[in-house]
Each structure stands twice: as C-alpha cells, then as structure tokens.
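Asker: just a sequence and a predicted model for now, questions to come.
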Amino acid sequence: MSPSTAPRTRWRLLVGVLVALVSLSAAAVGGLYWLDYQFRHPEPDSGRPGAWMSVGADEVSRFTRVVIPAQADDVRWGYRKGFQDDFAVLSFRIPQAGLEDFRGSLHVSDWAENKYIQSVDLDGFVHIGAPDPSSASPLTCGGYISPGTAKNVATRICVASRSDGTSQVWVSAFHTP
C-alpha cells in the first residue's frame, strides 16, 4: 500500500464501521419496538398477561358469579388473562318483566344510579361488542365481593332499561386480594 492510499483506506474503513454501527442500532431499536408491541398486544389465547382467551359463556358466568338467565338474549362475554388478576365481562338483554327476579338473585345490597363506568370495564365491553353502558340512562349499578378458591372476585353489575321492553345488563369481574 502506498502512502497516498493509506488515508483513503482508513477513511473507507471508518465510514464502513459507522454504517455498520448505525445499521445495528436501527435493527436494535426496531427489535425493541417489536418486542414492546408484542408485550403490550399479546396474541389471543396465548395465555400471556393481557391476552383475551377463548372461553365459554358458562365459564365466564362461573367466574363473575352471575347466572345468565334462561330468557337472556344477545349474550356476549370475554375473559382476559392477567399477570396476577384475571378479568371477565358479560353482557346480555333480558325482558323487563324478569329484571326484578334477576336482581333478586344477586348478592348486591345497594343499587345506585351511576354515570361513571371504569375504563377497564368499557374496554372490555367494547372488545365483546356490547352496547356502551356510559350512554345508557338511567344506569343503575351495584356490586359485591365473592369468596374464591385462591382470591376473592369483585363483581360489578349495571342495568338499564331499553325502549324495546328489555333491560340491558353489563357485568364485569376481577380477582381482588
């Protein structure tokens, strides 16, 4: 190598190393973004925290401690695996005539009008394609805590009358310490 080509060779080597470092950095950032996305949006039925699982309505009913009435229509349900605490949502319509019997079968001691629905519940109801409870008026809600095998289960129930002579019921439940 002649003395005049040595600076050009070093310059090319430096540019090559810099290009390689920038490429590796871009690949690392892209990989971290992909991992973050996979962590925040787990595949359904993967069993990972945050994944919506394919379970039957009966299993969701057992988890929430709410029996779905035989005359229920448009029954929708969902079950999300949590890191520590699982979460379930259930929605259905029942005839207005059966509302008091349904409410009487629950362990709710106080029913009250409510306008605020927790965002985790809304997200669950949107996921299962249920009507939005925050747009129903008047919305009557109650809740109770049931003993579970490993953890207690906190259940929230909201009910609203519909113009077609039925009542819409929204149920959400999660493990609680």
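Answerer: Nice, thanks for sending it over. Numbers count the residues shown, from 1 in each chain.
Asker: CA only for contacts and neighbour counts going forward, please
Answerer: Noted.
Asker: residue 54 is in contact with residue 77, isn't it?
Answerer: No - counting by C-alpha atoms under 8 Å, residue 54 does not reach residue 77; the two are 9.7 Å apart.
Asker: with neighbour numbers in mind, choose between these two.
Answerer: More crowded of residue 54 and residue 77, by other C-alpha atoms under 10 Å: residue 77, with 26 against 13.
Asker: pLDDT at that one, what is it?
Answerer: Note for residue 77: predicted pLDDT of 93.
Asker: go ahead and confirm it touches residue 64.
Answerer: No - using C-alpha under 8 Å, residue 77 makes no contact with residue 64, being 10.6 Å away.
Asker: what touches both of the two?
Answerer: 88-89 (C-alpha atoms under 8 Å, 6 or more residues apart in numbering).
Asker: list the contacts for residue 102?
Answerer: residue 69.
Asker: just the pLDDT for it.
Answerer: 92.
Asker: mind checking the SS state of it?
Answerer: Of the three states, residue 102 takes helix according to DSSP: H, G, I helix; E, B strand; the rest coil.
Asker: against residue 90, how distant is it?
Answerer: Applying C-alpha to C-alpha, to the nearest Å, the value for residue 102 to residue 90 is 14 Å.
Asker: and the helices in the chain?
Answerer: 6-40, 57-64, 99-104, 119-128 (DSSP state H).
Asker: pick the most deeply packed of those helices.
Answerer: Mean neighbour count (mean count of other C-alpha atoms under 10 Å) peaks for helix 57-64 among the helices of the chain, with a mean of 18.
Asker: packing partners for that helix?
Answerer: Where contact means 3 or more C-alpha pairs under 8 Å, 6 or more residues apart in numbering; DSSP states H and E, helix 57-64 is packed against strand 73-80, strand 87-95, strand 152-161, strand 166-176.
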